[in-house]
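Undergrad: the following block contains a protein sequence and its predicted model.
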2 protein chains.
Amino acid sequence: MKIVETIQEMRKWSEEQKCDGEKIIFVPTMGALHEGHLSLLREGKKHGGKLVLSIYVNPTQFAPGEDFEKYPKNLETDSAMAERCGVDVIFAPECNEMYPEGYQTFVEVEKITNMLCGKARPSHFKGVTTVVAKLFNIVRPDIAIFGKKDFQQLVIIKRMAQDLNMDIEIIGYPIVRENDGLAMSSRNKYLNHNERIAAASINKSLRTAQKMIEDGETNATAIVSRIESIIEESGIPRIDYISIADPQTLEDVDKITRPALIAIAAFVGKARLIDNLHLK
Amino acid sequence: MKIVETIQEMRKWSEEQKCDGEKIIFVPTMGALHEGHLSLLREGKKHGGKLVLSIYVNPTQFAPGEDFEKYPKNLETDSAMAERCGVDVIFAPECNEMYPEGYQTFVEVEKITNMLCGKARPSHFKGVTTVVAKLFNIVRPDIAIFGKKDFQQLVIIKRMAQDLNMDIEIIGYPIVRENDGLAMSSRNKYLNHNERIAAASINKSLRTAQKMIEDGETNATAIVSRIESIIEESGIPRIDYISIADPQTLEDVDKITRPALIAIAAFVGKARLIDNLHLK
């Protein structure tokens, strides 16, 4: 397994693979790998070809005051995990490689970035789409795989790829969870013992909502208010949003009569945690 | 010569060329071809490989009230001219092919788009970079050629390609002029006889400015005010801007001590005309 730090070297490697007729499968991450990321890599391996993992904590997707500075970093542990998953190349550039002096170009998806997490983090997705567009141009993947925990991000990346005519298949892969249902996240490391216990209520509330819908409830307000009480009862003091939305437009729905997304963001200790359930 | 109207067919053709080891040279235009465009195509031919011309009047770079609706269109004449220049493929998509329902992604270069023409046309360059990014992803050129008449556009496209790590060489090609010095433009068609005569004063003022600088004048204000009187004396009633700027940052300079750009935009009849001179 190779670790590549420069854009030039990464590009050269990808070009060589293309010339050899190899397909390139790409999993972009911010590192601090957990079982969720590894599931994306294992899924990637199934598509054959060469597997590229990027590890880059992208400054443009963090607002001032967010956790950019303290975001967990451990390239050594990450590399060992990646190698065991059969990664061919880790692309791990430095910030001045990705955003040199004079940098001023951004890629922005408009409407769907204003929903859900976009309300609390207004510049977040602009940073995400910009860095992903850059990474796509550098790595030149045929397939890119994203986790469904960041469901909105997945919808936005698909939209960007389609709108900008990027010839890349975007695959969303199911959420991987801890035993008590908590969605795996690099930010779970920020939680203390009690917060970690309380955090499980987020997924518990989603499972309760699913049961309500299976039992015939279609009123979104009733479901949202049930989710709210479950999370509040766990001791989590601050919910960012609970939304039942159309999975494409991400606009709220009042009545659940067709496939819908239930998405939650809550602040638990120093972490902002998200989770969702895609009702088919 | 092939005329291709769908993204899918264009993409397929480009992929085949790449597989055959052919280089792709690309000249994006809005059609209404004149000698300026043809000079770009002839320059393109010199680089070998396959030559692609796009003809697409891009709605997102026109503001409401601008000349999108009446922009000159003549695919038949354009095709004949292109064929004589050795074009291999004309890519001429329809609007619903480029911006289907639900479209919402834009590419934006920030600082340098606020200068010069960006002040009078605040959303123009966002439309330009978006469509060019799309065209680059569809056509997949190795080299793209732009005219230096739209000098700011050229600087912006270079910035975008560099910032977003597009692996494309961007070439700027010198302005082609009428006998009296007027820069060729599809919009010159909007001018009546008297306006056409007056329009020549724009380039005349640039040549006078060049002479002043060669004779030792370094004060930008003095040069700008000389340019202004020449254009006003010709009967052109409305100058948008006259700027002496750094050719990279496009910021105004006070004293001409290093390479500078003199750029002008003026309204002549129904046309907004631009011209520039790049002082080495």
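TA: Now that the structure is in, tell me what you want to look at.
Undergrad: which SS class is A:M10?
TA: A:M10 carries the three-state label helix when classified by DSSP: H, G, I helix; E, B strand; the rest coil.
Undergrad: surely it meets A:V89?
TA: Yes: applying CB atoms under 8 Å as the test, A:M10 and A:V89 come out as touching, 7.3 Å apart. For every residue, glycine as well, the C-beta is placed using N, CA and C.
Undergrad: if I look at these two, which residues touch both of them?
TA: Common contact partners of A:M10 and A:V89 (CB atoms under 8 Å, 6 or more residues apart in numbering or on different chains): A:V4.
Undergrad: what is the neighbour count of the closest residue to chain B within the stretch 1-150 of chain A?
TA: Among the residues of the stretch 1-150 of chain A, A:T105 lies nearest to chain B; the distance is 3.5 Å by CB to the nearest CB. Per other CB atoms under 10 Å in any protein chain shown, the neighbour tally for A:T105 reads 24.
Undergrad: identify the residues contacting the closest residue to it other than its chain neighbours.
TA: Spatial nearest neighbour of A:T105, excluding adjacent residues (CB to CB, 6 or more residues apart in numbering or on different chains): B:D163 at 3.5 Å. Residues in contact with B:D163 (CB under 8 Å, 6+ apart) are A:Y103, A:Q104, A:T105, A:K134, B:V109.
Undergrad: if I look at the closest residue to the fourth one other than its chain neighbours, how far off is A:E169?
TA: Among residues not flanking A:K134 along the chain, B:N165 sits closest, at 5.0 Å (CB to CB, 6+ apart). For B:N165, the distance to A:E169 (CB to CB, to the nearest Å) stands at 20 Å.
Undergrad: wait, isn't the residue of the stretch 1-150 of chain A closest to chain B in contact with B:K111?
TA: No: here A:T105 lies out of contact with B:K111, judged by CB under 8 Å, at a distance of 10.0 Å.
Undergrad: what's the domain layout of chain A?
TA: A:2-173, A:186-279 (automatic domain parsing).
Undergrad: quick check: mean pLDDT across the first one?
TA: So the one you mean is domain A:2-173. Averaged across domain A:2-173, pLDDT comes to 97.
Undergrad: hang on, the earlier thing: want to throw the contacts of B:D163 into TSV with secondary structure?
TA: What follows is the contacts of B:D163, written out as TSV (three-state DSSP):
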residue	secondary structure
A:Y103	coil
A:Q104	coil
A:T105	strand
A:K134	helix
B:V109	strand
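Undergrad: tell me the buried residues within the residues you listed.
TA: The neighbour-count test (16 or more other CB atoms under 10 Å in any protein chain shown) applied to the contacts of B:D163 identifies A:Y103, A:T105, A:K134, B:V109 as buried.
Undergrad: which residues of chain A lie near chain B?
TA: Residues of chain A that fall close to chain B, judged by CB under 8 Å from any CB of the partner chain: A:7, A:11, A:102-112, A:129-130, A:133-134, A:137-138, A:159-160, A:163-167.
Undergrad: what do you get if the cut-off is 6 Å, keeping everything else the same?
TA: With CB under 6 Å from any CB of the partner chain as the criterion, chain A meets chain B at residues A:103-111, A:133-134, A:137-138, A:160, A:163-166.
Undergrad: any idea how far the residue of the stretch 1-150 of chain A closest to chain B lies from B:I3?
TA: Between A:T105 and B:I3 the distance is 32 Å, computed by CB to CB.
Undergrad: same thing with A:L154?
TA: Distance, A:L154 to B:I3, by CB to CB: 37 Å.
Undergrad: between those two, who's got more neighbours?
TA: A:L154 (19 against 16).
Undergrad: can you give me the neighbour number for the closest residue to A:T77 other than its chain neighbours?
TA: With CB to CB, 6+ apart as the criterion, A:T77 has its nearest non-adjacent residue at 7.5 Å, and that residue is A:L33. Residues contacting A:L33 under the criterion other CB under 10 Å number 24.
Undergrad: what about the strands in chain A?
TA: When secondary structure is read from DSSP state E, chain A shows strands at A:2-4, A:24-29, A:50-55, A:89-91, A:105-109, A:143-147, A:169-173, A:238-245, A:260-268, A:271-279.
Undergrad: with distance to B:T77 added, can I get those strands in TSV?
TA: Supplementary listing: those in TSV, determined by distance: least, CB to CB, whole Å:
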stretch	distance to B:T77
strand A:2-4	50
strand A:24-29	43
strand A:50-55	47
strand A:89-91	48
strand A:105-109	35
strand A:143-147	43
strand A:169-173	40
strand A:238-245	50
strand A:260-268	51
strand A:271-279	52
